[in-house]
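Q: would you be able to build a 3D model of this:
(2 chains)
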Protein chains: 2
Amino acid sequence: MHIKLTTGKTLDISEGESLLQALKRHDLYLVASCGGKGICGKCRIRLIEGKSRIESTGKLEPREIDSGIVLACQTFPSEDIIIDIPKESRLVVGDIIEISRSRDLFELFKSLDTKISPLVRWISVDIPPPTIQNNIGDLERLKKAIEEKGLKGMRFSHGFLSSLAKSLRDADWKVNLAYTYGPEAIFISRHESKDRYGIAVDIGTTTIVVYLANIADGRVIDVGSTYNSQIRHGDDVITRIIYATEGEGLNELREAVVSDINNLLIPIVEKHDIKIGDIESVVISGNTTMSHIFWGFNPAYIREEPYIPTLNIFPLWRAGTAKLNINAQSPVYTVPCVASYIGGDIVAGVLASKMHKNSEIALFMDIGTNGEIVIGNNEWLVTAACSAGPCFEGSGIRHGMRATEGAVESIKINPQTFEPTLGVIGNDKPIGICGSGMIDAITEMFLTGVIDQKGRFIKGLNTDRIRESFEGPEFLFYSDDRTDIVLTEVDIENILRAKAAIYAGISLLLKKVSFTLDDIDRVYIAGGFGNYLNVDKAIIIGMLPDLPKEKFRFLGNTSVAGAYLCLLSDNMRKEAEEIAHKMTNIELSVSRRFMDEYMSALFLPHTDMRLFPTVEKLLKNRK
Amino acid sequence: MHIKLTTGKTLDISEGESLLQALKRHDLYLVASCGGKGICGKCRIRLIEGKSRIESTGKLEPREIDSGIVLACQTFPSEDIIIDIPKESRLVVGDIIEISRSRDLFELFKSLDTKISPLVRWISVDIPPPTIQNNIGDLERLKKAIEEKGLKGMRFSHGFLSSLAKSLRDADWKVNLAYTYGPEAIFISRHESKDRYGIAVDIGTTTIVVYLANIADGRVIDVGSTYNSQIRHGDDVITRIIYATEGEGLNELREAVVSDINNLLIPIVEKHDIKIGDIESVVISGNTTMSHIFWGFNPAYIREEPYIPTLNIFPLWRAGTAKLNINAQSPVYTVPCVASYIGGDIVAGVLASKMHKNSEIALFMDIGTNGEIVIGNNEWLVTAACSAGPCFEGSGIRHGMRATEGAVESIKINPQTFEPTLGVIGNDKPIGICGSGMIDAITEMFLTGVIDQKGRFIKGLNTDRIRESFEGPEFLFYSDDRTDIVLTEVDIENILRAKAAIYAGISLLLKKVSFTLDDIDRVYIAGGFGNYLNVDKAIIIGMLPDLPKEKFRFLGNTSVAGAYLCLLSDNMRKEAEEIAHKMTNIELSVSRRFMDEYMSALFLPHTDMRLFPTVEKLLKNRK
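A: Down below sits the predicted model:
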């Protein structure tokens, strides 16, 4: 059987195969946040011709169903069909988001006043060439020469030795030897000064970011980012773990992330005329699941109570083991994790924030595909993961999407007419709402009285933008001949749940260490979403605590920043390990008190208005 | 173009491709001792129909050329041809020579009175299962448990960790952990007593022998042997090294030996109903070139002055690195080598002979594809390789062949009529002469006055068995309608060169340490050929020194015997390393005195008859 696309392409499909699977097989990826379980309602396509068995219509509106919209994951053609894939259903992964020296972390490194001491050290050795009288083996000769320089107990891998004979002779026995912890020899080359490079990689659930640095002087050469193409198999960590446990899932996910990194490196090194083989060390930072998948470890037990990762402190392995397309012997350092849901990205974040060095008490929040919180100072650190979920990245929200072209990122609602004014990324026709747009929408709807404190639509308002849909009431933000963009009451509920999870996490964590919000001197906000977050509005909806605005600092991607610091310095790697060791992880999901905190935070901004004095004041002034 | 065989098969051949290459490509291997350089004259085939360009006729007799015989390596068809491959040109490799518990090395091990201490140790650990309160990672949990048992600093490879989570849970946290030197963890499994196996492998240039042993009690389970299928690319070490340096040669040679071992293991484990995954350790023993090729190291510099191997002392790597089809984590120990032409096979041989433990001075000789000599005792050891070459395995001898079916292995010549009586392996029609047949032939021809002390045919004898050929005179041992079997004067010269190299090696080595033959208390003869060697005759031709017969001991394959000892015991591995360290290698080829010794030994038995008193007496009595 065949699928014909309105673009002209024709693809084959087998009996019993879903449209989503068939398209995937032909490298045509649809947004499928739930991984193809018929739950998220994102993989919408329009059936134009041909019969199909449709297992479920999930989140589709009757109106959509009438116009031929189906969920690709629930559609099993029984004959040749013609389909149209709407723009908003298309998933673009593998593409490079950007390559630019966007933020020079070098300043951060310089502020730490620590020496450069990368994963790889070099020594130069002049080896007496062999003769008939002095005919010991190459390895024994090299060992003798470096032992005379005081380096004892060096280990030599099979990979290192396989090119040793040629390398020694090519270099005419005057060599530079590179070694890493162990000590273990890793490369050998001719005496010559050459540039030395390393990469720091943030493996986010959604985005992968690579920093290429000159590890001789610490300067950032370039930065590239791309979507984690694991997105093809689901948006959040849990969906990925489930996918990893099915058939070849783990290998597919592993290959996805590794080839994303490999593909991202090519244009970066080409741009700077650097040999990819000259990248001699790597640091990766990711949440515990991403770190496991990167190394090919089954993350299944991370998800099952009592939530145990295979390991938190990763040995130093080689780029060849990771299947990275750089020098196979290059060491790859993994920023240590703390627990199943507190990973190296958070440890790297704390490291980059420097909160572990100061006596002032800081709150660190990483709002990405999930939300993690750390509270503490140079004496103690507690941490918790809030199951906020990836709703601010569009997942679970009818017209939610990532902050890319066509996303509504800001919203104003006229308090008289209830007419919205939309700010759209790329100034194009809107196709969905991204995280900052959602927070704006909730804030505006709340302040203009469109919704109440529980996030429910107020009845009887003089506007037809509030309308009844098959799922209940919704607010229409935009409409053209092709698309409506709405926020439904269910969407609002989901957003409230996410913000409540974050706030409840902060509350409970503070109570666990017997502190109050007033004790917090500094709030660090990390994560891609953090860059676009409007603090005032996030306080109004009760996602962030009601603290003076000057206490907030946006740190951007601290996962890659911490990875970069670890790339450059032994001290930083030691600090990362100390942070991982010191951090006490609180499992929120098993705490009854968390449920209480969470329920109280499901209000706008909170059931206890005393916690949000500035919002209380604002609401009073409005009235 | 096509090649049609008289067996009915038709194969394709390309323009410019030699017959030898084309047949190889179709897995039809011919004897090609020189590796296809047109030198050895072994890859004879008969051209029946079709035109070919013939580059050289090498060692072929005009008579043979007239009857359509060509060298496959020198024949380039220009149209479809029909050929016949004579039996003696066919190379059978990959076939299993035999699987039988031929020699129980267990007795040898027991005689050493040492404890069993294999490469792999096991400890049993009861690990407290994780809970929400005690939720450290699996690796951290395992580490803690074994550290409590006093095992600190354990290393964990990526391969080990990739199955850790499942293994721990499958075993319900009650595990047996296997580790090797480092210490490094290698396997983990459920608490249960199970058999534990290891293999000792002799990688000979010609033959590969595998001993499967139960490493819990030391018993030999079975023995298998096969030809080293590297023979396809040449008979001797030098030809293999040259092949290894060309294109994909090294990989081909490596794959050949590794798949020989893998293929040999299958019937052995099946016969005994053993899971191949239960083979948990490996020891390999081979000459330096074979050890390099097994591990994929380029042996090129072994052949070039000053003859330097990449390494002599091999780190302990894993079966997965070696591409052996057993548990990938199993450690593989390589018996240490001494120098480019004194390998682990000789170190293993000394170990198995126990000469390094006794005060009596012993001479150890390994006569295989090459000839190596060790002289010494528990205080000192000197060694040398004699470039004897593989002539006793048939290489470089017109009708030479290995000791397989159809080989003339014994010869008697009637002193009156000069008519020979032949003993043939398998009692079939003879197709060639093997090593022991050659020694018999020389001895008999010498004693009956067919050849003189220089190995030249005596003129004017009353026999038409001595005849003139295109290469000079030859002796006809056998003739039928298809084949003649002869030894030419050139063949005899080659055999004399080989025996002279061995004897000169012994002489010079003795002189280097200022000893004489009388000081030698014991002569150990190792190697496959050694099993069939008639000491009396080997003394008559001057290959072995003229010492009392009771001083000689045949030890068989000491390379595999030493490997087996190393498989069972830490002490034996330590002793092997001590032997390798202690042995002083003398490069004969660069010594002027060697040339003198060699020239003197080119006689039958020697120019200095005082060195061979029993031969002198025998010759006097004959007259």
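Q: list the contacts of the closest residue to A:I266 other than its chain neighbours.
A: If you skip the residues right next to it in sequence, A:I266 has A:I276 as its closest partner in space, 7.6 Å away by CB to CB, 6 or more residues apart in numbering or on different chains. In short, each C-beta sits where N, CA and C put it, glycine included. Contact criterion CB atoms under 8 Å, 6 or more residues apart in numbering or on different chains gives A:L265, A:I266, A:V269, A:N325, A:I326 as the residues in contact with A:I276.
Q: let's see the ChimeraX selection covering just the buried ones among those residues.
A: One line in ChimeraX is enough to select the buried ones among the contacts of A:I276; burial here means 16 or more other CB atoms under 10 Å in any protein chain shown:
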select /A:265,269,325,326
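Q: from the contacts of A:I276, which is closest to A:Q133?
A: For A:Q133, the closest of the contacts of A:I276 turns out to be A:I326, at 40.9 Å, with distances computed as CB to CB.
Q: which stretches of the stretch 501-623 of chain A have low pLDDT?
A: Of all residues in the stretch 501-623 of chain A, those with pLDDT under 70 make up the ranges A:528-531.
Q: whoops, I mixed them up, the stretch 101-250 of chain A
A: Along the stretch 101-250 of chain A, the parts satisfying pLDDT under 70 run over A:101-103, A:193.
Q: in it, what residue lies closest to chain B?
A: With distances taken as CB to the nearest CB, the stretch 101-250 of chain A approaches chain B most closely at A:L139, which sits 3.7 Å away.
Q: same question, the stretch 401-550 of chain A
A: Taking CB to the nearest CB as the measure, the point where the stretch 401-550 of chain A comes nearest chain B is A:K512, at 14.2 Å.
Q: that residue touches A:V382, doesn't it?
A: Yes - using CB atoms under 8 Å, A:K512 makes contact with A:V382 at a distance of 6.2 Å.
Q: shared neighbours, these two?
A: Overlap between the contact sets of A:K512 and A:V382, as judged by CB under 8 Å, 6+ apart, is given by A:I586.
Q: dihedrals phi and psi, the residue nearest the centre of chain A?
A: Averaging the C-alpha coordinates of chain A gives a centre point, and the residue nearest to it by CA atoms, centre = their mean is A:G204 (2.3 Å). In terms of degrees, to the nearest 10, the main-chain angles of A:G204 are phi -90, psi 160.
Q: same thing with the one 4 residues further on?
A: Note on A:I208: backbone dihedrals following degrees, to the nearest 10 are phi -110, psi 130.
Q: re the thing from before, contacting residues for the residue nearest to the centre of chain A?
A: A:N228, A:G286, A:M290, A:D345, A:G368, A:T369, A:G528, A:S559.
Q: and the closest residue to the fourth one other than its chain neighbours, how many residues sit next to it?
A: Translated: A:D345. If you skip the residues right next to it in sequence, A:D345 has A:S559 as its closest partner in space, 3.8 Å away by CB to CB, 6+ apart. Using other CB atoms under 10 Å in any protein chain shown, A:S559 has 35 other residues around it.
Q: over to A:D12?
A: Counted with other CB under 10 Å, the burial measure for A:D12 works out to 11 neighbours.
Q: no further queries at this time; thank you.
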